[in-house]
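[1] Sharing a sequence plus its predicted fold:
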Amino acid sequence: MKTVRQLLESKRQGVRSVLAISPEASVYEALRTMAEHEVGALVVMQADRLEGIFSERDYARKVILHGKTSRETLVREIMTIRVVCVHPEQTVDQCMALMTDKRVRHLPVLEHKHVVGVISIGDVVKEVISEQRFVIEQLEQYIHS
């Protein structure tokens, strides 16, 4: 099973660094950044310190449903503060279990207290499917030989 480090290395081929936003930014600015980069969440950073995570779910549940406006609301007011994180040595299977158990779709990856990447449920599912496809191919070759 692939590790988070290996997954991040394969993602980085042609992909930008970690997308982050300040807690003092407006929700509108965060949404615009997410739309520009086609992502569903941003890590919230103050200097080099992880402060939280902002996701589409935060926006839907804490802005729209409470009658707030995205231009006047700051990210710090609605971000998720209790961030579920993983380390590079963890496996993709462990991430899948954690995401399922905690009901999260994005996991910041911490190494020595620094955010070195973010993996999404899409990244994890793609990797699981890839590994299953490999096992199936190996089994088919074994049967045919």
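    Great, that's in hand. Residues are numbered from 1 along each chain as shown.
[2] Determine how far the top helix by length along the chain lies from the middle of the whole chain.
    Counting by DSSP state H, the longest helix found in the chain is helix 121-144. How far helix 121-144 lies from its chain's middle: 23 Å, per Cα atoms, centre = their mean, to the nearest Å.
[3] what mean pLDDT would you report for it?
    Averaged across helix 121-144, pLDDT comes to 87.
[4] which regions of this structure sit below the pLDDT cut-off?
    For the chain, the stretches flagged by pLDDT under 70 are 13-16.
[5] Please, where are all the strands along it?
    Taking DSSP state E, the strands of the chain run over residues 20-21, 41-46, 49-55, 106-111, 114-120.
[6] now for these, which one comes closest to residue 143?
    Nearest to residue 143, of all the strands of the chain, is strand 114-120, at 33.8 Å by Cβ to Cβ. Heads up, the C-betas are built off the backbone N, CA and C, glycines and all.
[7] residues of the closest one that come out buried?
    Buried residues in strand 114-120, counted by 16 or more other Cβ atoms under 10 Å: 115, 116, 117, 118, 119, 120.
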